[in-house]
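> return atomic coordinates for the entry below.
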Amino acid sequence: MANRMILNETSYFGAGAVAEIVSEAKKRDFKKALVITDKDLIRFNVAKKVTDLLDDSGMPYEIFSDVKANPTVAVVKKGVEVFSKSGADYIIAIGGGSSIDTAKAVGIIIANPEYSDVTSLEGAVDTKNPCVPIIAVPTTAGTAAEVTINYVITDEENKRKFVCVDPHDIPIVAVIDSSMMSSMPKGLTASTGMDALTHAIEGYTTKGAWELTDMMHLKAIEIISRSLRAACDNDPIGREDMALGQYIAGMGFSNVGLGVVHGMAHPLGAFYDTPHGIANAVLLPYVMEYNAPCTGDKFKDIAEAMDVDTSGMSESEYRKAAVDAVRQLSKDVGIPEKLREIGVKEEDLPALAQSAFEDVCTGGNPRECTVESILEIYKTAY
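Got it, this is the predicted structure:
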């Protein structure tokens with residue numbers, strides 16, 4: 001069996017890296033950008049750090065700022081309409097996963113208009129053409145959307161999220177500049193950071209994991225677990241480390257998939273508009289407990305990457321130590337421990353379980369799942 005690796009063409013790292021956007025756009029002879037972002041990043045002058053560079057260089061652009069958390073089919077369709085009328089030939093996506101996911105969907109549909117209904121992009125779709133060129137500028141350290149071949153869209157009409165997997169959607173340039181993340185409030189820093197940790201742990205234990213991605217995921221776990229607390233306190237080194245750690249996790253999981261934590265988190269976003277990182281963070285330790293019997297000695301590696309001394313521990317002890325380390329980190333950064341604390345309704349659990357079972361991420365889980373087993377995890381986490 002061949003193991004495939006797909007990574008974006010060019011990435012820049014470090015404070016001030018956004019300056020490279022202009023040189024990359026000029027080098028590629030781009031004419032006009034559609035800047036895809038959200039209204040908060042406009043309001044708080046975060047997007048301005050990029051648009052000022054474009055203004056100073058005389059590079060034309062138009063802004064689409066209707067992006068919302070858990071981007072919807074309707075938002076994507078509006079973005080396609082705006083791009084089509086703008087005369088743009090590339091996209092600059094500024095924001096968290098929502099902005100970059102919106103940009104990916106817009107770019108794919110512009111290049112492949114047969115998918116203009118948006119919902120037909122669900123799953124591993126074999127599109128014909130690469131998407132409109134995207135320069136991705138993350139403002140959160142979590143989703144790693146700038147380096148992945150995945151994006152997630154919400155179908156509001158049917159109260160579900162669907163995952164799209166397409167090598168044609170990967171941004172050609174990623175700019176991971178921690179100065180773009182310095183205005184993130186503590187709660188958002190915590191939730192997106194725990195999302196990144198979930199990516200690393202699920203990527204390390206998923207069915208498709210192999211040596212190259214294992215290396216990435218273990219390093220990501222190490223970096224994230226040592227730096228998230230500091231990042232939440234807006235420590236510059238913590239911010240820089242988190243920006244790198246989440247990117248490394250993205251390099252891995254994009255190529256091997258995830259598991260039932262994400263499968264269960266997606267319905268929470270569709271049903272309640274729950275922030276994705278919080279949903280993952282609450283569910284992660286409960287799913288780890290469920291998966292433990294099918295992970296070999298990988299939980300020992302996870303515990304050690306999180307600075308736990310496993311010397312002399314039995315299998316059951318180091319598995320518990322890994323889960324405990326995740327729980328402690330989550331608690332330290334202020335994540336709730338139970339689903340009821342984030343607005344989940346007990347009567348919705350059966351419907352959530354059915355939706356999670358059907359989610360594409362669930363298929364990669366190391367332990368087989370049924371609707372009933374997923375329901376039990378939800379109940380335990382409730």
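
> the helices in the protein, which residues?
20-27, 39-43, 48-56, 73-86, 97-111, 186-205, 211-232, 236-256, 260-272, 276-291, 298-305, 315-332, 349-358, 371-381 (DSSP state H).

> quick one: the longest one to chain centroid distance?
By that I understand helix 211-232. 15 Å (Cα atoms, centre = their mean, to the nearest Å).

> who are the packing partners of it?
Judged by 3 or more Cβ pairs under 8 Å, 6 or more residues apart in numbering; DSSP states H and E, helix 211-232 is in contact with helix 186-205, helix 236-256, helix 298-305, helix 315-332. For glycine as for every other residue, the C-beta is placed from the backbone atoms N, C-alpha and C.

> that older thread, so which of the helices of the chain is nearest residue 343?
helix 260-272 (5.4 Å; Cβ to Cβ).

> send the alpha carbons of that closest one over as CSV?
Provided in CSV are the C-alpha atoms of helix 260-272 (Å, rounded to 0.1, in the frame of the first residue of the first chain):
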residue,chain,number,x,y,z
VAL,A,260,-14.5,9.9,16.2
VAL,A,261,-13.7,13.0,18.3
HIS,A,262,-14.1,15.0,15.1
GLY,A,263,-17.0,12.8,14.0
MET,A,264,-18.8,13.7,17.2
ALA,A,265,-17.8,17.4,17.3
HIS,A,266,-19.1,18.2,13.9
PRO,A,267,-22.8,17.6,14.8
LEU,A,268,-22.4,19.8,17.8
GLY,A,269,-21.4,22.6,15.5
ALA,A,270,-24.4,21.9,13.2
PHE,A,271,-27.0,21.5,16.0
TYR,A,272,-25.9,24.3,18.4
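
> measure stretch 140-160 end to end?
Using Cα to Cα, to the nearest Å, one end of stretch 140-160 lies 24 Å from the other.

> tell me the buried residues in that stretch?
Going by neighbour count (16 or more other Cβ atoms under 10 Å), the buried part of stretch 140-160 is 140-155, 160.

> follow-up on the earlier one: out of the helices and strands packed on helix 211-232, which gets nearest to residue 373?
helix 186-205 (16.3 Å).

> what's that closest one packed up against?
helix 211-232, helix 236-256, helix 260-272, helix 276-291, helix 298-305, helix 315-332.

> what is the distance between it and the centre of its chain?
8 Å.

> return the set of buried residues in it.
Quick answer for helix 186-205 (16+ other Cβ under 10 Å): 188-205.

> OK, contacts around residue 165?
123, 124, 125, 149, 150, 360 (Cβ atoms under 8 Å, 6 or more residues apart in numbering).

> from residue 40, how far out is the closest residue to the fifth one other than its chain neighbours?
When the adjacent residues along the chain are set aside, residue 150 lies closest to residue 165, with 5.4 Å between them (Cβ to Cβ, 6 or more residues apart in numbering). Here residue 165 is placed at a distance of 28 Å from residue 40 (Cβ to Cβ, to the nearest Å).
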